[in-house]
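J.: Coordinates only, no sequence provided:
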């Protein structure tokens with residue numbers, strides 16, 4: 001392990017104070033902040049930033065992904081704040097894959113919840129250590145012993161139970177024990193023996209796209225975590241067969257940088273398009289070198305940087321179940337399924353991926369959402385035209401449409417809706433899908449007549465002489481026949497109704513009548529003819 005005092009390529013790591021313990025850390029640790037929604041991840045990170053990061057910001061990029069770097073007593077730490085809502089599972093999974101440490105935030109008054117367990121699972125899959133931050137310890141009525149038992153049951157081997165997972169009790173609201181949490185993160189980083197990855201064979205550096213969006217001021221931008229090597233502001237960027245010239249590197253406060261190295265999150269401008277969140281990019285010194293980079297080269301470099309994860313037997317079983325479900329679903333024909341066509345626009349590529357997945361999962365056996373067009377940026381006239389051509393709707397997530405676009409949608413009678421909260425979007429679209437389901441009907445008994453005598457006409461048709469016992473019998477009603485309290489399979493329709501030799505349309509309760517049914521079948525004395533309607537449930 002390298003000593004801080006000889007780390008010439010990490011000048012900010014040299015600084016020490018006599019009161020601070022010296023840690024041996026080979027490079028900037030990347031820490032994914034994970035946990036259940038509303039457990040205080042972002043507020044805890046805000047306290048860390050407020051204490052250790054300057055408040056002034058420059059530039060004009062609207063930041064959506066929370067990736068921050070702080071300088072804590074001479075050590076750099078990079079934090080990735082992952083969303084806690086269940087819809088953003090893939091974003092949490094990505095956060096775990098590119099991190100060195102998972103900081104698991106658990107609320108003292110709420111305990112272990114679904115996304116808490118999911119975060120632990122991701123950390124184990126990525127084979128990275130976990131530091132637990134029990135937040136909201138200032139809230140009365142907490143039971144920390146019970147919480148620790150829940151964490152242990154969820155698969156964490158806690159230090160106080162003989163394991164290696166450190167727990168730190170904090171309060172973001174009261175700013176309690178924040179230094180203790182940071183010290184523990186540095187300690188785990190030291191024990192992890194973090195080392196610099198080799199730079200790509202055909203490039204200067206490798207990066208992982210944390211977020212990308214279309215900024216109204218500077219065009220497509222991407223937040224990239226540098227995973228290997230060193231990037232400069234005049235490099236070229238290679239990704240998926242494309243090459244872009246880097247216009248500028250910006251830190252989280254959007255100050256211009258000359259260089260960035262492993263563990264640094266940087267904003268890149270100068271892109272021709274919005275990048276795919278989660279893709280790997282290679283930085284090169286010249287355009288010629290960048291054009292020589294192909295997808296195979298990128299894939300090989302990913303294997304070098306990332307450890308290959310072994311699939312557990314349980315995960316294999318899950319995959320078998322998923323495959324079976326897929327085969328069952330694929331057996332359905334297009335005619336059996338109704339589709340709600342959706343044009344989807346979101347503020348960032350990471351959000352686009354998460355929202356698109358949630359929409360496509362928001363279905364039933366007979367009604368599904370089909371996202372026929374998805375993109376990042378504001379809703380435009382082409383989106384309205386696409387919805388009109390496909391008989392679809394336009395959904396925006398955190399992209400408020402301009403007034404003229406709303407007017408165009410209203411004129412063309414296209415449903416356009418923007419959502420700021422994912423709960424509301426899923427609830428409302430769920431109701432839309434419910435309304436598209438084929439209506440369910442049930443039989444409702446409206447009248448009943450007892451057969452007292454049966455007449456057989458010369459043409460072989462049966463006429464039942466009846467007394468109406470319930471409701472009004474009406475010509476045209478659908479009926480079935482009960483015999484000895486058993487329903488006959490044959491349903492029919494009243495085609496002739498007579499009262500005192502006269503054809504009538506309706507016979508009231510208590511009156512006698514003659515009834516002829518179609519189709520014709522044998523009626524017996526003692527049968528009960530039941531009239532019914534089909535009503536929508």
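T.: That came through fine. Computed from a predicted structure; not experimentally measured. Numbers count the residues shown, from 1 in each chain.
J.: in this structure, what residue sits furthest out from the centroid?
T.: The outermost residue of the chain relative to its centre, with distances by C-alpha atoms, centre = their mean, is residue 458 at 70.8 Å.
J.: contacting residues for that residue?
T.: Residues counted as contacts of residue 458 (C-beta atoms under 8 Å, 6 or more residues apart in numbering): none. No exception for glycine: its C-beta is placed from N, CA and C like everyone else's.
J.: Show the backbone phi and psi for it.
T.: When read as degrees, to the nearest 10, the backbone of residue 458 gives phi -60, psi -30.
J.: In the protein, where's the longest strand?
T.: strand 441-456 (DSSP state E).
J.: Enumerate the positions of that one that are buried.
T.: Going by neighbour count (16 or more other C-beta atoms under 10 Å), the buried part of strand 441-456 is 446, 447, 448, 449, 450, 451, 454.
J.: how about the second one, what does it touch?
T.: Counting by C-beta under 8 Å, 6+ apart, residue 447 makes contact with 468, 470, 471, 472, 473, 474, 477, 509, 530, 531.
J.: got it, and the last one?
T.: By C-beta under 8 Å, 6+ apart, residue 454 lies in contact with 462, 463, 464, 465, 523, 524, 525.
J.: Mark which of the residues you listed are part of strands, please.
T.: Assigned to strands by DSSP E, the following of the contacts of residue 454 qualify: 462, 463, 464, 465.
J.: out of those residues, which one sits closest to residue 418?
T.: residue 464 (62.6 Å; C-beta to C-beta).
J.: What's the local residue count around residue 285?
T.: Counted with other C-beta atoms under 10 Å, residues neighbouring residue 285 total 13.
J.: ok, for it, nearest residue in space, not its chain neighbours?
T.: The spatially closest residue to residue 285, leaving aside those adjacent along the chain, is residue 204, at 5.8 Å (C-beta to C-beta, 6 or more residues apart in numbering).
J.: what residues are up against residue 231?
T.: Listed by C-beta under 8 Å, 6+ apart, the contact partners of residue 231 are 204, 205, 207, 246, 249, 259, 260, 261, 266, 283.
J.: where's the dip in pLDDT among the residues you listed?
T.: Across the set of those, residue 204 stands lowest in pLDDT, at 86.
J.: Am I right that it is in contact with residue 283?
T.: Yes - when contacts are counted by C-beta atoms under 8 Å, residue 204 is listed as touching residue 283 (5.0 Å).
J.: Which stretches in the chain count as helices?
T.: Using DSSP state H, the helices of the chain run over residues 41-52, 89-97, 114-126, 144-153, 178-191, 287-291, 295-305, 313-330, 349-361, 381-390, 403-411, 422-436.
J.: picking up where we left off before, mutual contacts of residue 204 and residue 283, please.
T.: By the contact definition C-beta under 8 Å, 6+ apart, residue 204 and residue 283 are jointly contacted by 229, 231, 235.
J.: Include pLDDT and distance to residue 165 when you put those into CSV, please.
T.: Supplementary listing: the shared contacts of residue 204 and residue 283 in CSV, determined by pLDDT from 0 to 100; distance: C-beta to C-beta, whole Å:
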residue, pLDDT, distance to residue 165
229, 91, 32
231, 93, 34
235, 93, 39
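J.: Closest one of those to residue 136?
T.: Using C-beta to C-beta, residue 231 is the member of those that lies nearest residue 136, at 38.8 Å.
J.: beta partners of that closest one?
T.: For residue 231, the beta-bridge partners are residue 260 (DSSP bridges).
J.: quick one on the thing from earlier: which stretch in the helices of the chain has the least confidence?
T.: Ranked by mean pLDDT, the helices of the chain bottom out at helix 313-330, with a mean of 38.
J.: how about the nearest residue to residue 355 once chain neighbours are set aside, what does it touch?
T.: Counting by C-beta to C-beta, 6+ apart, the nearest residue to residue 355 once its immediate chain neighbours are dropped is residue 397, at 5.0 Å. For residue 397, the residues meeting the contact criterion (C-beta under 8 Å, 6+ apart) are 344, 345, 346, 347, 351, 352, 355, 418, 419, 420, 422, 425.
J.: buried subset of those residues?
T.: By neighbour count, with 16+ other C-beta under 10 Å, the contacts of residue 397 hold 344, 345, 346, 347, 351, 352, 355, 418, 419, 422, 425 as buried.
J.: how close does residue 209 sit to residue 252?
T.: 16 Å (C-beta to C-beta, to the nearest Å).
J.: So between these two, which is more surrounded?
T.: For residue 209 against residue 252, the residue with the higher neighbour count under other C-beta under 10 Å is residue 209, and the figures read 24 against 21.
J.: Could you check how far that one is from residue 75?
T.: Using C-beta to C-beta, residue 209 is found at 26 Å from residue 75.
J.: same question, residue 244
T.: Note on residue 244: its distance to residue 75, by C-beta to C-beta, is 33 Å.
J.: what do you get for residue 499?
T.: Distance of residue 499 to residue 75, computed by C-beta to C-beta: 98 Å.
J.: Looking only at neighbour counts, state which of those two leads.
T.: Set side by side, residue 499 and residue 75 give different neighbour counts by other C-beta under 10 Å, the larger being at residue 75 (24 against 16).
J.: Quick check: beta-bridge partners of that one?
T.: Counting by DSSP bridges, residue 75 forms beta bridges with residue 72.
J.: wait, doesn't it sit right on residue 186?
T.: Yes - Residue 75 sits in contact with residue 186 when judged by C-beta under 8 Å, with a separation of 5.9 Å.
J.: overlap in contacts of these two?
T.: Looking at what touches both residue 75 and residue 186 (by C-beta under 8 Å, 6+ apart), the common residues are 23, 25.
J.: how long is stretch 149-169 end to end?
T.: Separation of the first and last residues of stretch 149-169 by C-alpha to C-alpha, to the nearest Å is 15 Å.
J.: quick one: buried residues of it?
T.: 150, 151, 152, 154, 156, 158, 165, 166, 167, 168, 169.
J.: Pairing partners for the closest residue to the fifth one other than its chain neighbours in the sheet, please.
T.: Closest residue to residue 156 in three dimensions, ignoring its sequence neighbours and counting by C-beta to C-beta, 6+ apart: residue 165, at 4.7 Å. Beta-bridge partners of residue 165, counted by DSSP bridges, are residue 158.
J.: Can you lay out the helices of the chain as CSV showing distance to residue 486?
T.: Compiled in CSV, those are given as follows (distance: least, C-beta to C-beta, whole Å):
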stretch, distance to residue 486
helix 41-52, 64
helix 89-97, 53
helix 114-126, 50
helix 144-153, 55
helix 178-191, 74
helix 287-291, 81
helix 295-305, 69
helix 313-330, 36
helix 349-361, 45
helix 381-390, 51
helix 403-411, 58
helix 422-436, 36
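J.: wait, doesn't residue 122 sit right on residue 102?
T.: Yes - checked against C-beta under 8 Å, the pair residue 122 and residue 102 is within contact range at 7.4 Å.
J.: Those two: who's more crowded?
T.: For residue 122 and residue 102, the more surrounded residue by other C-beta under 10 Å is residue 102, and the numbers stand at 28 against 22.
J.: Surely the more buried one is in contact with residue 130?
T.: Yes - with the criterion set as C-beta under 8 Å, residue 102 and residue 130 qualify as a contacting pair; they are 4.8 Å apart.
J.: Point out where the chain drops to low pLDDT.
T.: Screening the chain residue by residue with the criterion pLDDT under 70, one finds the ranges 1-21, 51-66, 83-97, 294-337, 364-365, 438-439, 537.
J.: 50 instead?
T.: Low-confidence segments of the chain, defined by pLDDT under 50, span residues 1-19, 53-63, 84-88, 304, 307-335.
J.: So what's the residue count around the nearest residue to residue 522 once chain neighbours are set aside?
T.: If you skip the residues right next to it in sequence, residue 522 has residue 462 as its closest partner in space, 6.2 Å away by C-beta to C-beta, 6+ apart. Residue neighbour count, defined by other C-beta under 10 Å, stands at 17 for residue 462.
J.: ok so, going back, of the contacts of residue 231, buried ones?
T.: Of all these considered here, the ones buried according to neighbour count by 16+ other C-beta under 10 Å are 204, 205, 207, 246, 249, 260, 261, 266, 283.
J.: The residue nearest to residue 455 when sequence neighbours are not counted and residue 532: what is the separation?
T.: For residue 455, ignoring the flanking residues on the chain, the nearest one in space by C-beta to C-beta, 6+ apart is residue 463 at 4.5 Å. Taken as C-beta to C-beta, the spacing of residue 463 relative to residue 532 amounts to 21 Å.
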